[in-house]
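# just the structure for this:
(chains A and B)
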Amino acid sequence: MAHHDFDMPISEDQVRSLRIGDTVSLGGTLFGIRDATQIAMFDHGRKTRFDLNGHAVIHTAPNVKKVEDKTKFPAGYAPICIGTTTSARMERFTRPLMEQYGVRIIIGKGGLMQQSQAAFADLGGVYLAIIGGAAALETTWIEAIEDVDLDDLNPESLWKFRVCDFGPLLVGMDSHGGSLYETVQATAAERRAHALSVLGVKS
Amino acid sequence: MTVLRYSIGVMKIDSRIVEDVCKALYIRALKVLPDDIKQGFARLDAAESDATGKAILGTMMQNIKVAESTDNLLCQDTGIPIYNVTIGPNVQLDGHQLKQAIVRGCAAATHEHPLRSSVVHPITRANDHTNTGRRVPVINIDFSDEPEVLRIEMIPKGSGSENGSFLKMCVPAEGVDGIKTFVVDKVIEAGGKVCPPTIVGVGVGGTADLCVHLAKIAATRALGSVCDDEEGAKLERELTAAVNSLGIGPQGLGGDSTAFAVHVETAATHITMNPVAVNIQCHSARRATATFTPNTVEYGF
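As a prediction, the model looks like this:
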C-alpha cells in the first residue's frame, strides 16, 4: 500500500505500477467529465479540442460562478463547489475514453464494473475513489478552472482544472484485475444468508 | 348555508416572505448539516472497526467542518428540490400563490448564490438553469393541529441516493419475509453508489405511489426518530442491524458503517397487496426547516 504523487499526465508504466489499496495525489491538470459530456462525445460524435492523453478525468458537474476577470479566471468561471458523482452510470464510456483519447485515470465514487475492469487491464488504467459528498473539502484542492469545452452542456461541460495535492485518492480498481468494490460485494453476498437468517426469514 | 369569516386569531401569510424563506432554506440546507446527522457520524466513527471505513468517515466529518468554515456547499449535488409544507389551524394563505412563491424562491437561490442547476426536462434534457421545471420543486402539503404555525421543510435530495429507489409489489404470500429480503437485497445492490453511510427509507403498505412516498418520508426523517407504528419500529431495529452486518461500509469500500439507520413508514394496504419500497438518503442527509409563527420565522432542521 504505497502512496504516489503524480504530475499529470502520466505514462502507461506509471499507471500499471498502481495496486488496489494504494493512494494517489495528483498535481497539474485534471479534466471534469459527466453523463451528458460523454453522451455527446461517444453517441453524438462531438469532439473536444482538449488533449486528454495520459490524463485523469473526474466524474463531476461543478457549481461555478460566471466572472468577467479573465486574468484571474481564464475560462470565465470561478469554482464554487466541485465534487464527484456516481460513476456506475458512465460505465460504458470507460473504454472509448481510454481507446480514443488515451485517458489513464478515472476518478469518481461507487466504482465501475466489468467492462471498465477489462479496459483498465487491456489498455492500462485505474479507477481512483474520491469521497462522494465531500465537495467542500475537495474544492480546496482545486486552484483554478483553466478552460472549458462543450460548454453548451453546462454544467456537464468538459472542464479543465488546475489542481494541487488533489488527494489522497484510493486506488479502487487497478490494471491487474483488482477491485475493492468486487471484494466488498463478494463479502456482502456471503453475509446475506446470515443476515436473512437473523431476521427470521425462512429460505 | 353561510360561510363564516374570521379575522381574529388568524395568521396571514405573505407570499413574498415565503419566497425569501424558500430561497434561504435551499441555501441553508446545502451548507449546514443537521445536528442529528453530525451525531450519527460521531456514533458510527466510534464503532467503526475497518481502517479504510474509519478514514473515510473522518474525511466526511472534516468536510462538514470545511463547508461551515468556508460557508460552502457540503456536496456539489444541489439535488432535486423538495418543499414539505405543513399548515396548522388559523393559518390563512392563498395556496396557488404559496406554490408560486416556493418555485420563485427556489429559482432565486439558484441565480443569486449561484447554485448548479441540476434539474432538466426528462425527455429533451434541456436545463433552464433555475433548478425548477415541470412539477419541480416537488411540493407536498399537509396539515397539523398546531394553531397559527406554518412549517416549510426543504430537502435538496441528492441524485446518487435517489437513484437507489426501488418498489416491489410483493404478494401477501411473501409476507414480512418478502419485505425484509427486498430491503437487504436492495442495500447490497446499491452498494457504494448511494454514498453510504445512508439512511435507508422503507415504505410498507399503501398503494404503489403511497408506498414510494412513505419510503421518502422515512429516508428524510431525523436520526433518532422512531416509526410511530410499533410494527414498523420493530422492523427498523431488525433491519438496521441486518444491513450493518453486510460489510459494505462507507462509500462501499468496506466496513461496519453501511447505514446510520433503516427508517420505516407504514400505511394500510389492500387484502391482495404487500408493497414494499426503498428510498435511500446519502450521508449528506441535508434538510432545513422554517417555522412561521405570528411574530417570527425561525430556522432549524
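# for the rest of this, base every contact and every neighbour count on C-alpha atoms.
OK.
# so where do the strands sit in the stretch 201-301 of chain B?
B:259-267, B:274-281, B:288-293, B:296-300 (DSSP state E, counting those that start in this stretch).
# I meant chain A, not that one.
A:3-7, A:23-33, A:56-59, A:63-66, A:77-81, A:105-108, A:126-129, A:142-149, A:158-173 (DSSP state E).
# just how off-centre is the helix ranked longest in chain A within its chain?
Counting residues, the longest helix in chain A under DSSP state H turns out to be helix A:180-198. Chain-centre distance of helix A:180-198: 26 Å, with Cα atoms, centre = their mean, to the nearest Å.
# follow-up on the earlier one: make CSV out of the strands of chain A and add mean pLDDT, mean neighbour count and distance to residue B:175.
Compiled in CSV, the strands of chain A are given as follows (pLDDT from 0 to 100; neighbours: other Cα atoms under 10 Å in any protein chain shown; distance: least, Cα to Cα, whole Å):
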stretch, mean pLDDT, mean neighbour count, distance to residue B:175
strand A:3-7, 98, 15, 51
strand A:23-33, 98, 21, 45
strand A:56-59, 98, 24, 41
strand A:63-66, 95, 18, 46
strand A:77-81, 96, 21, 46
strand A:105-108, 98, 26, 39
strand A:126-129, 98, 29, 39
strand A:142-149, 97, 20, 52
strand A:158-173, 98, 22, 39
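# so which of the ones you listed is nearest chain B?
Each of these has some distance to chain B by Cα to the nearest Cα; the shortest is strand A:63-66, at 4.7 Å.
# rewinding a little: how about the strands of chain A in CSV, adding distance to chain B?
Output for the strands of chain A, formatted as CSV (distance: least, Cα to the nearest Cα, whole Å):
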stretch, distance to chain B
strand A:3-7, 15
strand A:23-33, 11
strand A:56-59, 11
strand A:63-66, 5
strand A:77-81, 5
strand A:105-108, 10
strand A:126-129, 9
strand A:142-149, 14
strand A:158-173, 8
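# who are the contact partners of the closest residue to residue A:142 other than its chain neighbours?
Take residue A:142 and drop its neighbours on the chain: the residue closest to it by Cα to Cα, 6 or more residues apart in numbering or on different chains is residue A:163, 4.5 Å away. The contact partners of residue A:163, taken as Cα atoms under 8 Å, 6 or more residues apart in numbering or on different chains, are A:26-30, A:141-144.
# picking that back up, other SSEs contacting the longest helix of chain A?
strand A:158-173, helix B:175-190, helix B:230-243 (3 or more Cα pairs under 8 Å, 6 or more residues apart in numbering or on different chains; DSSP states H and E).
# go again using 7 Å as the cut-off
strand A:158-173 (3 or more Cα pairs under 7 Å, 6 or more residues apart in numbering or on different chains; DSSP states H and E).
# any idea how far the strand it packs on is from the middle of the chain?
For strand A:158-173 - counting by Cα atoms, centre = their mean - the centre lies 8 Å from the chain centre.
# give me whichever of the strands of the stretch 201-301 of chain B is most buried.
strand B:274-281 (a mean of 29; mean count of other Cα atoms under 10 Å in any protein chain shown).
# any idea of the angle it forms with helix B:175-190?
Strand B:274-281 and helix B:175-190 meet at an angle of 30 degrees, taking axes from the mean of the first three to the mean of the last three Cα atoms, to 10 degrees as the criterion.
# return the residues of the stretch 201-301 of chain B in contact with chain A.
Contacts of the stretch 201-301 of chain B with chain A, taken as Cα under 7 Å from any Cα of the partner chain, map to B:238, B:242, B:245-248, B:251-254, B:284.
# filter the residues you listed down to the ones in helices?
Short answer: those in helices (DSSP H) are B:238, B:242.
# mind listing what's buried in stretch B:168-180?
B:168-170, B:176, B:178-180 (16 or more other Cα atoms under 10 Å in any protein chain shown).
# dump these to a markdown table, plus pLDDT and distance to chain A.
Output for the buried residues of stretch B:168-180, formatted as a markdown table (pLDDT from 0 to 100; distance: Cα to the nearest Cα, whole Å):
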| residue | pLDDT | distance to chain A |
| --- | --- | --- |
| B:168 | 98 | 17 |
| B:169 | 98 | 18 |
| B:170 | 98 | 15 |
| B:176 | 98 | 8 |
| B:178 | 98 | 8 |
| B:179 | 98 | 10 |
| B:180 | 98 | 7 |
